[in-house]
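Chemist: With the input below, show me the fold.
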Amino acid sequence: MELLGIKREKEIKSWREFTSSELLKIAKHYDLILNDEYEISDFKKLLEVDTYTNADEFLSFLILGHCILKQGIELVLVCDHNTLLGHAKLQKAIRILRERPDYEVRTRVELGIEISCSDKNHVVGILNQGNQSQISAMRKWMRKIYHPPTEQ
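Modeler: Purely as a prediction, here's the structure:
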(Lines give C-alpha, C1' and ligand atoms only; values in the text may rest on other atoms or scores of the structure.)
Protein backbone atom coordinates (compact mmCIF):
# COMPACT_ATOMS: atom_id res chain seq x y z
CA MET A 1 0.00 0.00 0.00
CA GLU A 2 2.86 2.34 0.80
CA LEU A 3 4.46 1.63 -2.58
CA LEU A 4 1.20 2.51 -4.35
CA GLY A 5 0.49 5.59 -2.23
CA ILE A 6 -2.59 4.09 -0.59
CA LYS A 7 -2.87 5.58 2.90
CA ARG A 8 -5.24 4.67 5.72
CA GLU A 9 -5.38 5.49 9.41
CA LYS A 10 -6.33 1.89 10.25
CA GLU A 11 -5.21 -1.45 8.88
CA ILE A 12 -7.25 -2.60 5.88
CA LYS A 13 -8.93 -5.92 6.60
CA SER A 14 -11.08 -6.40 3.49
CA TRP A 15 -11.08 -5.57 -0.20
CA ARG A 16 -14.31 -3.65 0.49
CA GLU A 17 -12.24 -0.91 2.13
CA PHE A 18 -10.42 -0.08 -1.12
CA THR A 19 -11.84 2.40 -3.60
CA SER A 20 -12.26 1.45 -7.26
CA SER A 21 -9.23 3.53 -8.23
CA GLU A 22 -7.12 1.85 -5.53
CA LEU A 23 -8.14 -1.60 -6.79
CA LEU A 24 -7.11 -0.53 -10.29
CA LYS A 25 -3.71 0.59 -8.93
CA ILE A 26 -3.25 -2.80 -7.27
CA ALA A 27 -4.25 -4.63 -10.46
CA LYS A 28 -1.75 -2.58 -12.48
CA HIS A 29 0.98 -3.14 -9.91
CA TYR A 30 0.59 -6.93 -10.17
CA ASP A 31 0.45 -6.78 -14.00
CA LEU A 32 -3.13 -7.98 -14.16
CA ILE A 33 -3.88 -4.84 -16.17
CA LEU A 34 -1.20 -4.12 -18.73
CA ASN A 35 -2.02 -0.51 -19.62
CA ASP A 36 -3.14 2.61 -17.78
CA GLU A 37 -6.32 3.14 -19.75
CA TYR A 38 -8.53 0.67 -17.86
CA GLU A 39 -11.30 2.01 -15.66
CA ILE A 40 -13.63 0.22 -13.27
CA SER A 41 -16.40 0.58 -15.89
CA ASP A 42 -14.42 -1.80 -18.12
CA PHE A 43 -14.87 -4.48 -15.47
CA LYS A 44 -18.59 -3.71 -15.18
CA LYS A 45 -18.91 -4.81 -18.83
CA LEU A 46 -17.39 -8.20 -17.96
CA LEU A 47 -19.26 -8.54 -14.69
CA GLU A 48 -21.27 -11.70 -14.18
CA VAL A 49 -24.17 -10.47 -12.06
CA ASP A 50 -25.06 -13.93 -10.78
CA THR A 51 -21.59 -14.39 -9.26
CA TYR A 52 -20.25 -10.99 -8.16
CA THR A 53 -22.03 -8.17 -6.34
CA ASN A 54 -20.28 -5.38 -8.22
CA ALA A 55 -17.26 -4.52 -10.37
CA ASP A 56 -15.02 -3.87 -7.34
CA GLU A 57 -15.68 -7.36 -5.98
CA PHE A 58 -15.08 -8.83 -9.44
CA LEU A 59 -11.76 -6.99 -9.79
CA SER A 60 -10.74 -8.06 -6.26
CA PHE A 61 -11.25 -11.72 -7.10
CA LEU A 62 -9.40 -11.27 -10.40
CA ILE A 63 -6.45 -9.79 -8.48
CA LEU A 64 -6.48 -12.69 -6.01
CA GLY A 65 -6.77 -15.27 -8.79
CA HIS A 66 -4.01 -13.60 -10.80
CA CYS A 67 -1.63 -13.66 -7.81
CA ILE A 68 -2.42 -17.34 -7.17
CA LEU A 69 -1.77 -18.26 -10.82
CA LYS A 70 1.40 -16.14 -11.10
CA GLN A 71 2.85 -17.83 -8.00
CA GLY A 72 2.24 -21.24 -9.55
CA ILE A 73 -0.12 -22.46 -6.84
CA GLU A 74 -1.75 -25.65 -8.09
CA LEU A 75 -4.39 -26.20 -5.40
CA VAL A 76 -6.44 -23.71 -3.38
CA LEU A 77 -8.91 -24.66 -0.68
CA VAL A 78 -11.40 -21.80 -0.18
CA CYS A 79 -12.61 -21.83 3.43
CA ASP A 80 -14.70 -18.75 4.02
CA HIS A 81 -15.92 -18.00 7.50
CA ASN A 82 -19.38 -19.56 7.94
CA THR A 83 -20.25 -19.35 4.23
CA LEU A 84 -19.64 -21.09 0.90
CA LEU A 85 -19.93 -17.93 -1.24
CA GLY A 86 -16.25 -17.19 -1.97
CA HIS A 87 -15.55 -20.51 -3.66
CA ALA A 88 -17.63 -19.87 -6.78
CA LYS A 89 -16.26 -16.33 -7.04
CA LEU A 90 -12.61 -17.39 -6.95
CA GLN A 91 -13.26 -20.39 -9.20
CA LYS A 92 -14.93 -18.18 -11.82
CA ALA A 93 -12.14 -15.55 -11.65
CA ILE A 94 -9.47 -18.21 -12.16
CA ARG A 95 -11.44 -19.75 -15.02
CA ILE A 96 -11.61 -16.32 -16.72
CA LEU A 97 -7.91 -15.65 -16.14
CA ARG A 98 -6.79 -19.03 -17.51
CA GLU A 99 -7.60 -17.73 -20.96
CA ARG A 100 -4.37 -15.74 -20.74
CA PRO A 101 -1.35 -17.67 -22.01
CA ASP A 102 1.13 -16.45 -19.37
CA TYR A 103 0.20 -18.79 -16.49
CA GLU A 104 2.18 -22.01 -16.06
CA VAL A 105 -0.34 -23.85 -13.86
CA ARG A 106 -3.99 -24.76 -13.97
CA THR A 107 -4.99 -24.06 -10.39
CA ARG A 108 -7.67 -26.31 -8.92
CA VAL A 109 -10.09 -24.53 -6.57
CA GLU A 110 -11.62 -26.80 -3.93
CA LEU A 111 -14.58 -26.09 -1.66
CA GLY A 112 -14.24 -25.78 2.08
CA ILE A 113 -15.77 -23.90 4.97
CA GLU A 114 -14.48 -22.47 8.22
CA ILE A 115 -17.02 -22.91 11.01
CA SER A 116 -16.93 -21.02 14.30
CA CYS A 117 -17.12 -23.36 17.28
CA SER A 118 -16.41 -20.86 20.08
CA ASP A 119 -14.71 -17.52 20.52
CA LYS A 120 -11.28 -18.92 19.73
CA ASN A 121 -11.81 -22.26 17.99
CA HIS A 122 -12.74 -22.90 14.39
CA VAL A 123 -13.11 -26.06 12.34
CA VAL A 124 -12.35 -26.37 8.65
CA GLY A 125 -14.53 -28.67 6.59
CA ILE A 126 -13.66 -29.87 3.10
CA LEU A 127 -16.60 -30.58 0.83
CA ASN A 128 -16.89 -32.53 -2.39
CA GLN A 129 -18.00 -29.85 -4.86
CA GLY A 130 -19.34 -32.57 -7.14
CA ASN A 131 -21.70 -33.85 -4.43
CA GLN A 132 -24.72 -31.54 -4.54
CA SER A 133 -26.55 -33.36 -1.74
CA GLN A 134 -23.57 -32.77 0.57
CA ILE A 135 -23.47 -29.08 -0.33
CA SER A 136 -27.24 -28.75 0.09
CA ALA A 137 -27.04 -30.40 3.50
CA MET A 138 -24.27 -27.97 4.54
CA ARG A 139 -26.30 -24.97 3.35
CA LYS A 140 -29.37 -26.25 5.20
CA TRP A 141 -27.33 -26.75 8.38
CA MET A 142 -25.82 -23.24 8.09
CA ARG A 143 -29.29 -21.66 7.66
CA LYS A 144 -30.47 -23.52 10.76
CA ILE A 145 -27.44 -22.51 12.86
CA TYR A 146 -26.84 -18.96 11.64
CA HIS A 147 -30.38 -17.91 10.72
CA PRO A 148 -32.66 -19.90 13.04
CA PRO A 149 -36.39 -19.27 12.65
CA THR A 150 -37.72 -16.77 15.17
CA GLU A 151 -40.10 -18.04 17.82
CA GLN A 152 -43.56 -16.56 17.88
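
Chemist: which one's the longest strand in this protein?
Modeler: strand 108-116 (DSSP state E).

Chemist: Let me see the mean pLDDT of it.
Modeler: Mean pLDDT, strand 108-116: 91.

Chemist: can you list the residues that contact it?
Modeler: Residues from elsewhere that reach strand 108-116, judged by C-beta atoms under 8 Å, 6 or more residues apart in numbering: 74-84, 87, 90-91, 94, 122-129, 135, 138. For the C-beta atoms, the positions are set from N, CA and C on the backbone; glycine is no exception.

Chemist: mind redoing it with 6 Å?
Modeler: Applying C-beta atoms under 6 Å, 6 or more residues apart in numbering, the contact partners of strand 108-116 are 75-77, 79, 81, 84, 87, 90-91, 94, 122-127, 129.

Chemist: show me where the chain has helices.
Modeler: 20-29, 40-46, 55-70, 85-97, 132-146 (DSSP state H).

Chemist: Reformat these as a markdown table; add distance to Ser116, mean neighbour count and mean pLDDT.
Modeler: Output for those, formatted as a markdown table (distance: least, C-beta to C-beta, whole Å; neighbours: other C-beta atoms under 10 Å; pLDDT from 0 to 100):
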| stretch | distance to Ser116 | mean neighbour count | mean pLDDT |
| --- | --- | --- | --- |
| helix 20-29 | 29 | 17 | 89 |
| helix 40-46 | 33 | 13 | 66 |
| helix 55-70 | 23 | 21 | 93 |
| helix 85-97 | 16 | 19 | 91 |
| helix 132-146 | 9 | 12 | 89 |
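
Chemist: would you list these in TSV and tack on distance to Lys13?
Modeler: Formatted as TSV, these follow (distance: least, C-beta to C-beta, whole Å):
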stretch	distance to Lys13
helix 20-29	15
helix 40-46	21
helix 55-70	13
helix 85-97	15
helix 132-146	21
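
Chemist: Which among the contacts of strand 108-116 count as buried?
Modeler: Neighbour-count burial (16 or more other C-beta atoms under 10 Å) applied to the contacts of strand 108-116 gives Val76, Cys79, Leu84, His87, Leu90, Gln91, Ile94, Leu127, Gln129.

Chemist: Need the max-distance pair from those residues.
Modeler: The span of the buried ones among the contacts of strand 108-116, defined through C-beta to C-beta, is set by Ile94 and Leu127 at 17.9 Å.
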